[in-house]
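>>> I would like the atomic coordinates for the input below:
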Amino acid sequence: MVQKPNWDSVGPPPLALFAQEQIRALGAFANFRARRRLLREAPRGDGHPVLVMPGFLAPEFSTSPLRNFLRDLCYDARGSHLGVNLGPSAKVSETLQRRLVHLAERHGRKVSILGWSLGGIYARELARAHPTLVRMVITMGTPFADISATHAARFIPLRPDGKPLHEAHELRAALRRPLEVPTTSIYSRTDGIVHWQGCLQEEGPGRENVEVRCSHTGMGFHADVFRVVANRLALREGEWRPYLRAA
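A predicted model of the protein is given here:
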């Protein structure tokens, strides 16, 4: 159990962590052995559709390692069709809604949604708008509790009422509201892009925070993140229990 979320603006993480991001991410990407071992050990999926969304300024192929891993576990993991994630817009919202509806209708089943960083904001809001189509939401390094708690905030093309994000109190409060579907927030205290406290939700039935130890840019291919995702997706539809880390 983590501490109660701090919903005052905590600001971005220390610059020392930010400076280490790329080298730590390369280490996670190169650790193929850990991911191959996890693939042998992880629970098999039931074939349900999984929609995966990239982070801010990240291209669609950045989520390929995660989608390929999930396909190997027998999920129908699909990209978002966003191309490069350039930030929120009406076009992005329309594209994601069409993608969600298409996958749900094609399979005749609810869709699990995974979002990395800003992609997790999209995932949560998509589930908020269409809860009957969504099985669960998993976010990875997503500052939904404090959208200003990131080094990327100054570049995101979103200024509600002309205000900077840390002053957009109504938007910040709206984004942290609980969802109607099960939600898992994966966060890292050593995240150099997003402050970990900005990723915390109030825990309760169907809501949890799960800590890993990795960089922000390494979350999309880190074995510890994959382990949590595989465990959560393996829950039967309508079933939920908190994630228990192996001893």
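>>> going forward, measure contacts between C-alpha atoms and count neighbours the same way
Noted.
>>> Please enumerate the strands of this protein.
49-53, 76-78, 111-116, 134-140, 183-188, 207-212 (DSSP state E).
>>> can you count the residues close to Ala145?
26 (other C-alpha atoms under 10 Å).
>>> Report the separation between Leu179 and Pro131.
8 Å (C-alpha to C-alpha, to the nearest Å).
>>> Leu17: which of the strands of the chain is closest?
strand 183-188 (11.3 Å; C-alpha to C-alpha).
>>> For the closest one, which strands pair with it and how are they oriented?
strand 134-140 (parallel), strand 207-212 (parallel) (DSSP bridges).
>>> Spatially central residue in the protein, please.
Thr139 (2.1 Å; C-alpha atoms, centre = their mean).
>>> now the strands paired with strand 183-188 in CSV, with distance to Phe221 and mean pLDDT?
Listed next are these as CSV, based on distance: least, C-alpha to C-alpha, whole Å; pLDDT from 0 to 100:
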stretch, distance to Phe221, mean pLDDT
strand 134-140, 11, 98
strand 207-212, 13, 97
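>>> out of the ones you listed, deepest packed?
strand 134-140 (a mean of 26; mean count of other C-alpha atoms under 10 Å).
>>> what does it rub up against?
110-117, 119-121, 123-124, 127, 181-187, 219, 229, 237-238 (C-alpha atoms under 8 Å, 6 or more residues apart in numbering).
>>> name the helices or strands packed onto the longest helix seen in the chain?
What stands out as the longest helix in the chain, according to DSSP state H, is helix 90-107. The contact analysis (3 or more C-alpha pairs under 8 Å, 6 or more residues apart in numbering; DSSP states H and E) places helix 90-107 against strand 49-53, strand 111-116, helix 118-129.
>>> Of those, which is nearest Val225?
strand 111-116 (11.0 Å).
>>> and the angle from the closest one to strand 183-188?
20 degrees (axes from the mean of the first three to the mean of the last three C-alpha atoms, to 10 degrees).
>>> quick one: strand 111-116 to helix 118-129, angle?
150 degrees.
>>> Pull up the per-residue confidence for Gln3.
pLDDT recorded at Gln3 is 54.
>>> Not counting its neighbours along the chain, what's nearest Arg44?
Leu73 (5.0 Å; C-alpha to C-alpha, 6 or more residues apart in numbering).
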